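>>> I need the structure of the sequence given here:
(one chain, ligands or ions: 2)
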Amino acid sequence: MLVDSYGRTVDYLRVSVTERCNFRCQYCMPEKPFSWVPKENLLGFEELFEFIKVSIDEGVTKIRITGGEPLLREDLDRFVKMIHDYKNDVDLAMTTNAYLLKGAAQKLYDAGLRRINVSIDSLIPDVAEKIAKKDVLRHVLAGIEEALRVGFRVKVNMVPMKGMNENEVLDVLEFCKERKMTVRFIEYMENVHAEVDIKGMQSAELLEIIGSRYRYNDEGFDGHSPSHYYKLEDGYEFGIIEPHKDDFCAKCNRIRLTAEGTLIPCLYFDEAMSIRDAIRRGDIKEAALVLKEVIRTKPEKNRWSDPDGELSKRAFYETGG
Ligand code: SAM
Ligand code: SF4
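Numbering: from 1, shown residues only. Ligands and ions are numbered 1, 2, ... in the order given. Take a look at the predicted model:
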C-alpha cells in the first residue's frame, strides 16, 4: 500500500501517453506550445507498462489514460489490453477530447476499456471552435455517439468560463442528462500556459445557474473522487470539481506519470522525479523507490485556494489534467 506523509493512501495513477494535442484549448495550451518533447525521450508502451506493473504491484488499483490527446498515440488499444490483461480488475479509464473517438471506440472496448471521460465545453459550433481553436464539434459529437453505441460508460467534463460558455451550463447539463452521461463542471485552474484573460466560474456561480431551473440535493463526495456531487429531483447526478476550495486536497489519492517518464505528485506544483532511466535500465527496484519517494514528497495541498499563490507553471497538456 502506498501512503503519503499526510496519511493519504495513493492508489490512483494517471498516465499521460502524449503531451501532443490536435486541439489548442484556451485554458490548457498556448497556440504554440514552447517545445515538444523529442520523440526519443518518450517512453514506449512497453516502457510505460513496466512502470504500471510496478505501481499496480505496490497498490495502485485505478489507472486513467490521458494526455495531451491520448488518441493521437497509435495502437492505444494495444496499451489498454496490456494493462487489462495484467490485472483485469484494475479500474481503467481514459480522458479524451473525442475528436478521433468514432474510429477508435470499438477497438478500445474490445481491448478491455469500459469508461471514458470526454471534454465538451460548448454545443455551439463557433464557440467550441473558439475554445479549441479548431472546428471540432461535429467530430466530438460523433465520437460520443459511437462510444455510447459501443457500450461505454461516458462522463463529460466542461470548463465553464465567463463570457465564453457560461450561458451553456444548462444546455450541456441537459445534453448529458438526456444521454444518461454524468457531467462534471471543472473550475478553471489558473496556469501560465492558458490565455491570460480567461475568467473561470466557481461552484457557487454554477449552482446558482443550475438552481434557476432545478432543485437539487447536495450528495457530497463519492469516495476519493475530486467531484462534489449533486442530485436533481429526477435522480440525475452532476458534479463540480472545486480546486479552489480549501479542503479539495484532503482526500487526494493520485499521482501522475508523463509520457517522458516524469512522476508528478501534485497537479499544481513543479516538483517531480523521473523514472525513465530506471525503466530503460530495467531497474524495477529503483523505479519502485522513486515511486515511494514521490509519494513521500506529495504536498499537502495545491495553492489554487490561496489568493497570494503564484500561477501554476504545470502544463495540463503534459500532466494530463
Ligand atoms: N485531451 C484530453 C481532453 O481534453 O479531455 C485529455 C487531457 S486534458 C488535459 C484533461 C482534462 O483537463 C480535460 O477535461 C480538460 O478540460 C481539463 N483541463 C485542462 N486544462 C484545464 C484548466 N486549466 N483548468 C481546468 N481543467 C482543465
Ligand atoms: Fe488538448 Fe485536452 Fe488540453 Fe484541450 S484540454 S488542448 S484537448 S489536452
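
>>> sketch out the low-pLDDT regions of the stretch 1-150 of the chain for me.
Counting by pLDDT under 70, the stretch 1-150 of the chain shows no low-confidence range.

>>> what's the neighbour count on the closest residue to ligand 1 within the chain?
Relative to ligand 1, the nearest point of the chain is residue 321 (2.6 Å; Cβ to the nearest ligand atom). C-beta coordinates here come from the backbone N, C-alpha and C atoms, glycine included. Residue neighbour count, defined by other Cβ atoms under 10 Å, stands at 21 for residue 321.

>>> buried residues, stretch 162-179. List them.
164, 165, 168, 169, 172, 173, 175, 176, 177 (16 or more other Cβ atoms under 10 Å).

>>> which of those residues fall in helices?
169, 172, 173, 175, 176, 177 (DSSP state H).

>>> and the closest residue to the last one other than its chain neighbours, how far from residue 147?
The spatial neighbour of residue 177 that comes closest, neighbours along the chain excluded (Cβ to Cβ, 6 or more residues apart in numbering), is residue 236 at 4.9 Å. As defined by Cβ to Cβ, to the nearest Å, residue 236 lies at a distance of 19 Å from residue 147.

>>> neighbour count for those two, which is higher?
Of the pair residue 236 and residue 147, residue 147 is the one with more neighbours under other Cβ under 10 Å, namely 26 against 18.

>>> contacting residues for the more buried one?
Applying Cβ atoms under 8 Å, 6 or more residues apart in numbering to residue 147 gives the contacts 98, 101, 105, 116, 118, 154.

>>> of those, which belong to helices?
Using DSSP H, the contacts of residue 147 in helices are 101, 105.

>>> just put the contacts of residue 147 in JSON lines and tack on distance to ligand 1.
Shown next, in JSON lines, are those (distance: Cβ to the nearest ligand atom, whole Å):
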{"residue": "98", "distance to ligand 1": "8"}
{"residue": "101", "distance to ligand 1": "10"}
{"residue": "105", "distance to ligand 1": "15"}
{"residue": "116", "distance to ligand 1": "10"}
{"residue": "118", "distance to ligand 1": "7"}
{"residue": "154", "distance to ligand 1": "12"}
